[in-house]
Each structure stands twice: as structure tokens, then as C-alpha cells.
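>>> Sequence first, predicted model second:
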Amino acid sequence: MEIHIGKRTAEIELLSKEGNNVRLTIDGKEFEVDVVMAENGACSILHNGKSYNAELIRSGNGKSYKVNTHFSSYNVDIVDTKAKYLRMKKKEEVRQDDKVVSPMPGKVVKIPVNEGDLVAAGETVLVIEAMKMQSNYKVTSDCYIKEILVNEGDSVNSDQQLILLDLNVEK
């Protein structure tokens, strides 16, 4: 997920959670922390033997928080992944690019095309699952599948090239 902390943007991925122990990445760097949340919004985080305390105040929409620490306050916004995906998809539909790129991390569920196939505008070329939701990736113009860079079952990262396309199709 993408979060905005003041003017900074960070990409956060939850790797695992067992009780209070959380493994996550922040901009690709892995962290292991012990997190305890109290009912009043207080949060205690233990990382590498150091303790950090914060107060989380949630806004009405549940996607924005004010985070108060002992010395500072931060406005934190969680970017709605579905809205981000739809924004990116809408931009892609304006003009077909010569590649299909993943807008978010996920897992390749299905590749219904093969290299060399001629696909028509609107045809699905890849299905990715992210956050328990499957997304169909479609081309917006007729093209050939030049090269498939992933396999079914592969995990993919945000902005990773998945399929290369040849847009030179005679009409």
C-alpha cells in the first residue's frame, strides 16, 4: 500500500503478522517490529531494542490519521489502492503502451495469451491478484504479444514490466 507522511510517499508491504510481531517492508527495506495497540489509539512499537510510542487519531474516512509522537506530529494518508489502480488504468487507456506494467504488487494468476498471439483491443492478457482481489489487464488497441516476462504463480512488484507488446499491426 502507498502512504503519504507529510510530503513523503512510502510504499509499505505487510510480509507477515503473528500476534504482535510484524514483518513489513518500507520502500523495499525489511523491518521486524513488535506492535501493541491500545483501545485509546496509543501505539507502542519495539524495534531493535528501542521503544517508540505514538498516538493515532483517525479521521472520519478511516484513511487519514494524525500521528503524534513525543516530539512531533505527522499527517498520514493511506492511499486507496483500488482508486490508485483505477487512476493508473484510466491513464493507460488513453494510449496503448508497448508494455503491460503492474501498478501494484501482487501474484500472477492467469496468462491467457502466448508469445506471438495477435490480440484485439479489450482482450485480457494477464490476471493478477492483489489484496484478495483479481484484476484483468487488457490491451486498449490491437497488438501482438512480443514477450511474456512472467509466469503464472509469480509474485510481481509495483511498476514491474509483465508483457512486451508489438503495436505494429496492419489494419
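Structure's in. What do you need? Residues are numbered from 1 along each chain as shown.
>>> Please count neighbours and contacts with C-alpha atoms only from this point.
Fine.
>>> Got the domain ranges for the protein?
Annotated domains of the chain cover 2-79, 85-166 [automatic domain parsing].
>>> Can you find the helix or strand of the chain with the lowest average pLDDT?
When the helices and strands of the chain are scored by mean pLDDT, DSSP states H and E, helix 81-94 comes last with a mean of 57.
>>> For the next helix or strand after that helix, enumerate the helices and strands it packs against.
Using DSSP states H and E, the helix or strand that follows helix 81-94 towards the C-terminus is strand 99-101. Here strand 99-101 touches strand 161-166, going by 3 or more Cα pairs under 8 Å, 6 or more residues apart in numbering; DSSP states H and E.
>>> change it to 10 Å
strand 133-138, strand 143-148, strand 161-166 (3 or more Cα pairs under 10 Å, 6 or more residues apart in numbering; DSSP states H and E).
>>> List the buried residues of the first one.
In other words, strand 133-138. Ser135, Tyr137, Lys138 (16 or more other Cα atoms under 10 Å).
>>> Skipping adjacent residues, who's closest to the residue positioned nearest the centre of the chain in space?
Taking Cα atoms, centre = their mean, the centroid of the chain lies closest to Met104, which sits 3.1 Å from it. Excluding the flanking residues, the one nearest Met104 by Cα to Cα, 6 or more residues apart in numbering is Ser158, at 4.0 Å.
>>> Comparing the domains of the chain, which comes out most buried?
Mean neighbour counts were compared across the domains of the chain using mean count of other Cα atoms under 10 Å; the top stretch is domain 85-166, at a mean of 16.
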